[in-house]
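Trainee: Any chance you could fold what I've pasted below:
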Amino acid sequence: MALGSFFQSSTTTMAAFKGFHLQRQTVFKSDKNWVYRIPSLFYERESKILLAFSEQRSSSNDASSKHLVMSRGRLKEEDNSIEWSEPERVENAHLHGHRPMNPCPLYEKTSKTLFLFFICVEGTYPECMQIFFNRNKARLCYIKSNDGGQSWSEVTDLTDVLSEIRTWATFAVGPGHGIQTESGRLIVPMYRYVWNTLCYQPPNALYLFSENKGVNWHLSGFIKKESLECEMAEVSDDTGLKYIYCNARSRKSYRVEALDKNDGAGFTVLEQDETLVEEGCQGSVVSFPAQSEVTHDGDQSQNLNKWLLFSHPSHKSKRIDLGVYLNETPLLSKTWSKPWIMNSGPSGYSELAYIGEGRFVCLFECGKSSEIEQIASVVFSYSDVKQGIREQTIKKR
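Mentor: Below is the predicted model of the structure:
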């Protein structure tokens, strides 16, 4: 099928984002029949095609997820917009009698294989009941594609392969995206709940990984601090030593940050940074090549240093005002910038992708009166982020 046949018109609005005019484009729009939640995103550099995923639910209730859906986007260089296709169901992302949740794409570059990880939860059994009764109803699944998501394999269920999962009260992947490190390791972010002899313990973030392109999978050590939904990125120190950086949701007032020495042995928790406030929402993080202040958003792909970009609602107690934060010294938690408020008003889960040449795409939940009215996309640059942060800083003086 020709790529052009996938693309149809999508709703596009020119929205003001605190001094900027960026194209906010509707990708998934909720209506009286369906609610779209939990965005995830994959960008394929060669074809410049984006794949956006979400849950298709019959209501806002987490237990009402029915399908995973996908929209294909083509980046238009002339105006930095994206041409999105109409959503389609990913029919193979399903187990009989279970609901699919938490899409988490992951790309293996050598074989050009796209994995789509997700969990399948039995019936409408809610997460809180699994935790309370210590009855794990979730299964760890993936499908894969070698043609950019045009066709998918049957489901692979890893639940019984990884015996440790059977000891958990419940778990989930991501949501968001997985990563492949420069050494080739595949990483899928996760979190899990476990019980001791008396009660369940605070949840912990960890990751699933493969050293052989997805043939065999293993579980890493976990963060020894309460941590939930998470995303990860590869960063390095001045000597070139690589680390896996984790940014996780917390039930406290601030995000949890931790580093793993890229060996799966376990995480070291970073000093708490009060810049990254926590309302109780998923957030997204990506690493990208350090950018030159001279060339601004030019391609710095040969730069060994990596910076971090993070997106999350910036309000301390409400899901509003989606903020984008920059950290040019990723091994230090105290070096996060103040947020650029990219979307004022209701804002929920978000997902970042770096698309090269200092540019990013953000896929995020938003709306006029509620954050679950739609999932939209915005393309922006490193220069936009820097300018936005400067303007925010000036306004608060």
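Trainee: for the record, mean pLDDT for the biggest strand by length in the chain?
Mentor: Counting residues, the longest strand in the chain under DSSP state E turns out to be strand 340-356. Mean pLDDT, taken over the full extent of strand 340-356, equals 96.
Trainee: and that strand, what other elements does it pack with?
Mentor: Contacts defined by 3 or more C-beta pairs under 8 Å, 6 or more residues apart in numbering; DSSP states H and E place strand 340-356 against strand 12-17, strand 35-44, strand 284-289, strand 306-313, strand 320-327, strand 359-366, strand 374-381, helix 382-395. All C-beta spots, glycine's among them, are computed from the backbone N, C-alpha and C.
Trainee: mind checking which of the ones you listed is nearest Ala172?
Mentor: With C-beta to C-beta, the closest approach to Ala172 among the helices and strands packed on strand 340-356 belongs to strand 35-44: 10.2 Å.
Trainee: to the chain's geometric centre, what's the distance from that closest one?
Mentor: Shown here is strand 35-44, whose average C-alpha point lies 8 Å from the average C-alpha point of the whole chain (C-alpha atoms, centre = their mean, to the nearest Å).
Trainee: Okay, buried residues for that strand please.
Mentor: Under the neighbour-count criterion of 16 or more other C-beta atoms under 10 Å, strand 35-44 has Val35, Tyr36, Arg37, Ile38, Pro39, Ser40, Leu41, Phe42, Tyr43 buried.
Trainee: Quickly list what the third one is bridged to.
Mentor: For Arg37, the residues forming beta bridges with it (DSSP bridges) are Glu55.
Trainee: Helix, strand, or coil at Cys128?
Mentor: Secondary structure of Cys128, reduced to three states by DSSP: H, G, I helix; E, B strand; the rest coil: helix.
Trainee: per-residue pLDDT, it?
Mentor: The confidence metric pLDDT takes the value 94 at Cys128.
Trainee: Just give the number of residues close to it.
Mentor: Counted with other C-beta atoms under 10 Å, the burial measure for Cys128 works out to 11 neighbours.
Trainee: what do you get for Thr393?
Mentor: When neighbours are counted by other C-beta under 10 Å, Thr393 registers 12.
Trainee: hang on, it packs against Lys338?
Mentor: Yes. Using C-beta atoms under 8 Å, Thr393 is in contact with Lys338, at 6.0 Å.
Trainee: where in the stretch 251-397 of the chain is pLDDT low?
Mentor: Low-confidence regions of the stretch 251-397 of the chain, defined here as pLDDT under 70, cover residues 293-304, 395-397.
Trainee: The stretch 1-150 of the chain too?
Mentor: In the stretch 1-150 of the chain (pLDDT under 70), the answer is 1-21.
Trainee: quick one, helices of it?
Mentor: Shown for the stretch 1-150 of the chain, the helices assigned by DSSP state H, counting those that start in this stretch span residues 127-133.
Trainee: Now do the strands in it.
Mentor: Under the criterion DSSP state E, counting those that start in this stretch, the stretch 1-150 of the chain carries strands at the ranges 12-17, 20-29, 35-44, 49-57, 65-76, 81-84, 88-89, 98-108, 113-122, 138-145.
Trainee: Can you give the distance of stretch 320-337 from its chain's centre?
Mentor: The chain centre lies 16 Å from the centre of stretch 320-337; the measure is C-alpha atoms, centre = their mean.
Trainee: likewise stretch 218-230?
Mentor: Using C-alpha atoms, centre = their mean, we find the averaged C-alpha position of stretch 218-230 to lie 16 Å away from the chain's own average C-alpha position.
Trainee: Give me the average confidence score over it.
Mentor: 96.
Trainee: okay, the strands of the stretch 1-150 of the chain in TSV with distance to Glu351 next?
Mentor: As requested, these are exported to TSV (distance: least, C-beta to C-beta, whole Å):
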stretch	distance to Glu351
strand 12-17	17
strand 20-29	11
strand 35-44	5
strand 49-57	8
strand 65-76	13
strand 81-84	14
strand 88-89	19
strand 98-108	10
strand 113-122	14
strand 138-145	18
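Trainee: Tell me how far the spatially most central residue of the chain lies from His218.
Mentor: Nearest to the centroid of the C-alpha atoms of the chain, with distances taken as C-alpha atoms, centre = their mean, sits Gly176, at 2.3 Å. Between Gly176 and His218 the distance, using C-beta to C-beta, to the nearest Å, works out to 20 Å.
Trainee: of all the helices and strands packed on strand 340-356, which lies closest to Cys128?
Mentor: When these are compared by C-beta to C-beta, strand 35-44 sits nearest Cys128, at 17.4 Å.
Trainee: so the closest one versus strand 284-289, what angle?
Mentor: 20 degrees (axes from the mean of the first three to the mean of the last three C-alpha atoms, to 10 degrees).
Trainee: That's all I had, so thanks and see you.
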